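Participant: Sequence and predicted model, in that order:
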Amino acid sequence: MVDLILVNGLPGSGKTTLANGLARLLDAPLIAKDAIKEAVADVVVAAPGMALGMAAGEMMWTLAAAMSGTVVLESWWFRPRDLRFVQAGLRRCSPTSVIEVWCDVPSHVAKSRFAARQRHRIHDDQRKLADAWPRWEVEAEPLGVGPVARIDTRSPVNLADASNQIANARM
């Protein structure tokens, strides 16, 4: 049986940093959609980003379904776009428990971080910043597929405190 921790939030909200820290603290595997997408993009250079994103998402859920114990999954799941995919993934995994960790940060802070970072070419971040950000910052919210632990990620997170918040949200 698998217990899932979904780390979600706006791009630039601190998901990757928090997910890595939680996975280390909990001695749990981390499945990060962007890491999968980037690895495949380096091998299949001509693949379109949207197709790679969908394939990476499918791989996340396939891997999680094959695991047991606690597994941390990390991605930007935009509820209006991604809820049905997450629900399908959860059905595939049949988790014993699922908790969503929402990286809670003001949208202007996330936007500034997102604009400043350098990432793999496959993400096309500058286009997303121009085209998608206005909608994301208004409509970003947790998926609501289980209890939600809102973690303030404006500054470095105390992982022990975050772990306690997650445990309390499960109750």
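Facilitator: Yep, that arrived.
Participant: Next, find the distance separating the residue nearest the centre of the chain from residue 164.
Facilitator: Computing the C-alpha centroid of the chain and ranking residues by CA atoms, centre = their mean puts residue 75 first, at 2.1 Å. Distance check for residue 75 against residue 164: by CB to CB, to the nearest Å, it reads 24 Å. Every C-beta, even on glycine, is put in place using the N, C-alpha and C of the backbone.
Participant: One more: residue 157?
Facilitator: Distance of residue 157 to residue 164, computed by CB to CB: 12 Å.
Participant: How about residue 20?
Facilitator: For residue 20, the distance to residue 164 equals 18 Å [CB to CB].
Participant: Same drill for these two, tell me which one is more crowded.
Facilitator: Neighbour count, other CB atoms under 10 Å: between residue 20 and residue 164, residue 20 has more, with 16 against 12.
Participant: Go ahead and name everything in contact with stretch 17-31.
Facilitator: By CB atoms under 8 Å, 6 or more residues apart in numbering, the residues outside stretch 17-31 that reach it are 5, 7, 32, 60, 63-64, 67, 69-74, 101, 103, 151, 153, 157, 159-160, 162-163, 166.
Participant: Buried residues of that stretch, list them for me.
Facilitator: For stretch 17-31, the neighbour count (16 or more other CB atoms under 10 Å) marks 18-23, 26, 28, 30-31 as buried.
Participant: Stretch 158-171 now?
Facilitator: Under the neighbour-count criterion of 16+ other CB under 10 Å, stretch 158-171 has 159, 162-163, 165-166, 169 buried.
Participant: do stretch 69-78 as well
Facilitator: Buried, per 16+ other CB under 10 Å, within stretch 69-78: 70-78.
Participant: with the residues you listed in mind, which one is nearest to residue 137?
Facilitator: residue 78 (11.0 Å; CB to CB).
Participant: how far away is the closest one from residue 153?
Facilitator: According to CB to CB, residue 78 stands 17 Å off from residue 153.
Participant: Equivalent analysis for residue 139, please.
Facilitator: Taken as CB to CB, the span from residue 139 to residue 153 is 19 Å.
Participant: ditto for residue 138
Facilitator: 19 Å.
Participant: More neighbours: which of these two?
Facilitator: Higher neighbour count among residue 138 and residue 153: residue 153, with 25 against 9, using other CB under 10 Å.
Participant: Would you quantify the distance from the more buried one to residue 112?
Facilitator: Going from residue 153 to residue 112 by CB to CB gives 13 Å.
Participant: same question for stretch 93-100, mean pLDDT?
Facilitator: Here stretch 93-100 scores 97 as its mean pLDDT.
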